[in-house]
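Q: Sharing a model prediction with you, sequence too.
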Amino acid sequence: MSTLRVTAEPLIVLEHPGADALELAQVGLYRAVVAKGQFRTGEFAVYIPEQAVLPGELIEELGLTGRLAGSAGNRVRAVRLRGELSQGIVCRPRAVTEDLAAAHAGGVDFAGLLGITKWVPPVPVSMSGAVESAPELMPWIDVEHLKRYPDVFAPGEPVVVSEKIHGSACLFTYLVDGGRALVSSKGFGSRGQALVEEQRNLYWRAARAFDLPGVAARLAAELGASRIGIFGEVFGAGVQDLRYGARAGAAGAPGYAVFDVSAEIDGQLVWLDAYRLLDGLLPLVPRLWTGPFDIGAVLALAQGTETVSGQGLHLREGVVVRPAVERHSAELGGRAIAKVVSDAYLTRKGGTEYE
């Protein structure tokens with residue numbers, strides 16, 4: 001998931017092709033359906049992104065009672081309104097009294113002021129278990145949306161576009177000192193916790209089935225690393241609603257594909273090309289395209305059907321974009337990496353979002 005920030009943003013207001021009383025307010029490359037005449041191009045408004053959880057008083061103020069997602073009717077998610085995809089909420093809440101242009105320039109986050117929090121998905125039993133403190137766990141990051149940050153990549157910059165798999169992230173760390181293996185999920189890993197090894201646990205079953213300790217030990221020796229991080233997606237029936245033709249029950253190996261690798265070398269954390277290092281050793285997420293960055297082409301690649309199974313069994317979740325050569329992004333304040341989620345994935349019915 002991406003980080004939650006509720007910020008003031010400049011708007012581009014566009015005509016809604018299917019409704020005379022509605023318009024589209026564009027923030028970055030996101031578009032939210034709004035009432036006609038409510039905003040003008042060049043004005044600033046507060047943008048509340050998807051996965052935000054709103055307090056009751058704000059929901060009532062914005063006239064959204066009964067119109068949001070979740071059992072409590074308080075979560076923002078993408079919807080289609082008169083045929084147009086609406087992602088997030090564009091508004092000017094009464095509690096926000098600041099100059100919005102100045103707030104945008106200063107990067108002010110209004111989430112705390114408005115009582116907005118990030119939605120945390122539930123964790124099924126097979127994905128949880130006893131945990132232990134693990135300060136040595138190699139960290140993973142939240143990947144931001146390209147639509148929110150469309151200038152992360154320069155036009156024509158060499159990039160790699162891979163398919164985003166709808167599973168659950170398995171964080172694996174190998175410690176050369178002592179040959180220890182640490183396994184965690186994204187949720188537990190964000191709190192510095194590892195899962196105690198247990199035969200039925202989904203992530204440990206993947207780590208053992210694909211011999212992650214052995215692969216990581218070999219990689220550490222080749223690189224002269226003190227720690228190796230292997231980040232993969234565990235998927236299949238029993239994990240999420242999109243299954244890719246795989247099974248993840250208590251018996252046998254779940255579906256698994258690596259999307260990232262990191263290493264600690266001479267005290268420095270570096271991110272590495274999984275394809276260069278692990279091709280032929282571990283399953284890898286499909287690479288859909290390599291070449292010069294074109295935002296229209298990337299947005300188009302996010303749509304369509306999955307290629308993980310090789311059978312096109314269902315919709316594609318989206319794509320992840322990264323530079324051909326790892327670099328820092330001043331706009332993101334960290335790695336240059338971003339994702340695009342498909343329209344069909346966002347608006348599907350009965351979807352699951354376990355971490």
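A: Looks like it arrived, so ask away. Residues are numbered from 1 along each chain as shown.
Q: Is residue 161 located within a strand, as I assumed?
A: Yes: under DSSP: H, G, I helix; E, B strand; the rest coil, residue 161 falls within a strand.
Q: Bridge partners for it, pull those for me.
A: With DSSP bridges as the criterion, residue 161 is bridged to residue 289, residue 321.
Q: and residue 289, what is it in contact with?
A: Listed by C-beta atoms under 8 Å, 6 or more residues apart in numbering, the contact partners of residue 289 are 160-161, 297, 301. For glycine as for every other residue, the C-beta is placed from the backbone atoms N, C-alpha and C.
Q: And residue 82, how far from residue 48?
A: Distance, residue 82 to residue 48, using C-beta to C-beta, to the nearest Å: 21 Å.
Q: ok, now residue 259?
A: 29 Å.
Q: next one: residue 207
A: 38 Å.
Q: Could you do residue 131 as well?
A: 32 Å.
Q: So in the chain, where's the weakest helix or strand by average pLDDT?
A: Least confident helix or strand of the chain, by mean pLDDT, DSSP states H and E, is helix 186-189 with a mean of 89.
Q: C-terminal to it, what's the next element?
A: strand 193-195 (DSSP states H and E).
Q: Packing partners of that next one?
A: On a contact count with 3 or more C-beta pairs under 8 Å, 6 or more residues apart in numbering; DSSP states H and E, strand 193-195 meets strand 131-133, strand 180-185.
Q: Tell me which of those sits nearest to residue 10.
A: strand 180-185 (37.1 Å; C-beta to C-beta).
Q: hey, C-alpha coordinates of the least confident helix or strand of the chain in PDB?
A: Extracted as PDB, the C-alpha positions of helix 186-189 are listed here (Å, rounded to 0.1, in the frame of the first residue of the first chain):
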ATOM      1  CA  LYS A 186       4.400  -6.400   5.200                       C
ATOM      2  CA  GLY A 187       2.200  -5.600   8.100                       C
ATOM      3  CA  PHE A 188       4.300  -7.200  10.800                       C
ATOM      4  CA  GLY A 189       7.500  -6.100   9.100                       C
END
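Q: domains for this protein, by residue range?
A: 7-118, 125-347 (automatic domain parsing).
Q: Could I get the ones you listed in JSON lines, plus columns for distance to residue 354?
A: What follows is the domains of the chain, written out as JSON lines (distance: least, C-beta to C-beta, whole Å):
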{"stretch": "domain 7-118", "distance to residue 354": "14"}
{"stretch": "domain 125-347", "distance to residue 354": "6"}
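Q: Distance-wise, check residue 135 relative to residue 174.
A: Taking C-beta to C-beta, one finds residue 135 at 15 Å from residue 174.
Q: Between the two, which has more neighbouring residues?
A: residue 174 (26 against 7; other C-beta atoms under 10 Å).
Q: Can you report how many residues neighbour the nearest residue to the more buried one once chain neighbours are set aside?
A: Using C-beta to C-beta, 6 or more residues apart in numbering and skipping the chain neighbours, the partner closest in space to residue 174 is residue 216 (3.4 Å). Counted with other C-beta under 10 Å, the neighbours of residue 216 add up to 27.
Q: following the lengthiest strand in the chain, which helix or strand comes up?
A: Ranked by residue count under DSSP state E, the longest strand found in the chain is strand 255-265. Sequence order places strand 268-272 as the next helix or strand after strand 255-265, per DSSP H and E.
Q: Do you have the strands of the stretch 1-150 of the chain handy? List them.
A: For the stretch 1-150 of the chain, applying DSSP state E, counting those that start in this stretch gives strands covering 7-10, 12-15, 22-27, 30-35, 44-48, 52-53, 79-81, 84-86, 89-91, 117-118, 131-133, 144-145.
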